[in-house]
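Enquirer: Just a sequence and a predicted model for now, questions to come.
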Amino acid sequence: MKRSRAPTVPTGGGAIELNGLTKSFGEVRAVDDVHAVALPGQVTALLGPNGAGKTTALRMLLGLVAPDSGIATIGGQRYDELPDPVRQVGAVLEASGYHPGRTALDHLRILATASRLPDDAPRRVLAETGLASDARRRVGGFSLGMRQRLGLASAMLGDPGVLVLDEPTNGLDPPGVRWLRGYVRGLADEGRTVLLSSHALSEVELIADHVLVMAQGRLLRSSSLAALRAEAGVGSMVLTPDRDRLAAALDAAGISHRRTDEGLAVDATPEQVGELAAQHRIVLHGLEGTADLEKAFFRLTQEPHPPVERPKSAEGALS
């Protein structure tokens, strides 16, 4: 559903900043001196394998876990300093915390009343998140994907300018994932700050403007998605009626490849593949370049890297 209005988001006012954020649990350093910025008008994806420290970093941002050192701010203030956090920040950390006997509408009405939000807010967010027809269903009968949507509806009750989502695609079926991408992208296009975590680059590459890659508690990369795509290098997707002959030619040339449902994925440029096919008189029905972002993501999170350079402050990044 298309949103009818945008929030008032001052330029730079909704920026998220993590400055030297550090947290240990016993002997385990869960988050290690993380410096990062998420800007208004962008979807920033916090990426990393399970156990990378993503959720702990988000919980520190939202004031749920105290850092050992460093500070996390939203619009220049810690979460507990915000004058009206419900209207400034919406967050979904897990699809739980619902009374199974309550309906979705009752759940949202209770939250809205507690936060002194308008009476029409619950029905507005139910419509926006695709749950309008389920408003009077008991939450105990909701699927995980529906609970994810209800969590997002709860986060958007105050029409906040900042949205923080932890693994928001968990439990969603493919149509639900497509819906979520469009919804989140639309929020950022309205000028809001969106910070979401994921363990899979493929889940966010269609909507993310900026990526923060974490592993073992450390921030390994902070860059635009375009820069990461350029670094990944280019491969090729090939459609041919003579896949076996092309595979043999690639093997002879020492070019790695793998079969797909419809053809071959080749670790070479389209020009290289086209030239090789021409040499062997192999007919190609399709040939296009691809950036192997998953390979780049795997390399970042599995290989040792020096600490990432500290980013500019939000004020500097916006100037």
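Expert: Done, it's in. Numbering: from 1, shown residues only.
Enquirer: What are the contacting residues of stretch 254-270?
Expert: Identification of contacts with stretch 254-270 by C-beta atoms under 8 Å, 6 or more residues apart in numbering yields 234-240, 243, 246-247, 250, 272-273, 276, 286-290, 292. All C-beta atoms are positioned from the backbone trio N, CA, C, and that covers glycine.
Enquirer: Run the chain-centre distance for it.
Expert: Once both centres are worked out by C-alpha atoms, centre = their mean, to the nearest Å, stretch 254-270 turns out to sit 28 Å from its chain's centre.
Enquirer: residues of that stretch that come out buried?
Expert: By 16 or more other C-beta atoms under 10 Å, the buried positions in stretch 254-270 come out as Ile255, His257, Gly263, Leu264, Val266, Asp267, Ala268, Pro270.
Enquirer: Bridged to the second one, which residues?
Expert: Going by DSSP bridges, His257 is paired in beta bridges with Val266.
Enquirer: Just the pLDDT at it, thanks.
Expert: At His257, the pLDDT value in this model is 89.
Enquirer: The fourth one now?
Expert: According to the prediction, Leu264 has pLDDT 91.
Enquirer: tell me the SS of Cys99?
Expert: That one is not Cys; residue 99 is His. When classified by DSSP: H, G, I helix; E, B strand; the rest coil, His99 comes out as coil.
Enquirer: ok, how many other residues are close to it?
Expert: 12 (other C-beta atoms under 10 Å).
Enquirer: can I assume it is in contact with Phe142?
Expert: No - His99 is beyond contact range of Phe142, at 11.8 Å (criterion: C-beta atoms under 8 Å).
Enquirer: just to revisit the earlier point, now a PyMOL select for only the buried ones of the contacts of stretch 254-270.
Expert: Command for PyMOL that selects the buried part of the contacts of stretch 254-270, burial taken from 16+ other C-beta under 10 Å:
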select buried, resi 234+235+236+237+238+240+243+246+247+250+272+273+276+287+292
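Enquirer: Looking at the contacts of stretch 254-270, which are in strands?
Expert: Val234, Gly235, Ser236, Met237, Val238, Leu239, Gly286, Leu287, Glu288, Gly289, Thr290 (DSSP state E).
Enquirer: how close does the third one get to Leu201?
Expert: Ser236 sits at a distance of 20 Å from Leu201 (criterion: C-beta to C-beta, to the nearest Å).
Enquirer: Could you spell out which stretches of the chain belong to which domain?
Expert: Listed by automatic domain parsing, the domain ranges of the chain are 16-230+296-318, 234-291.
Enquirer: and among those, the most buried is which?
Expert: domain 16-230+296-318 (a mean of 18; mean count of other C-beta atoms under 10 Å).
Enquirer: can you pull out the strands in the protein?
Expert: For the chain, the strands defined by DSSP E cover 16-25, 28-38, 43-47, 69-74, 89-92, 162-166, 193-198, 210-215, 218-224, 234-239, 257-259, 264-266, 286-291.
Enquirer: For the first one, give the mean pLDDT please.
Expert: Strand 16-25 shows a mean pLDDT of 98 in the predicted model.
Enquirer: could you give the angle of that strand to strand 162-166?
Expert: With axes from the mean of the first three to the mean of the last three C-alpha atoms, to 10 degrees defining the directions, strand 16-25 sits at 30 degrees from strand 162-166.
Enquirer: what about strand 16-25, distance to the chain center?
Expert: 19 Å.
Enquirer: what's that strand packed up against?
Expert: Applying 3 or more C-beta pairs under 8 Å, 6 or more residues apart in numbering; DSSP states H and E, one finds that strand 16-25 contacts strand 28-38, helix 54-61, strand 69-74.
Enquirer: Would you format those as JSON lines with distance to Arg281 included?
Expert: Shown next, in JSON lines, are the helices and strands packed on strand 16-25 (distance: least, C-beta to C-beta, whole Å):
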{"stretch": "strand 28-38", "distance to Arg281": "52"}
{"stretch": "helix 54-61", "distance to Arg281": "51"}
{"stretch": "strand 69-74", "distance to Arg281": "61"}
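Enquirer: Sweet, I'm off.
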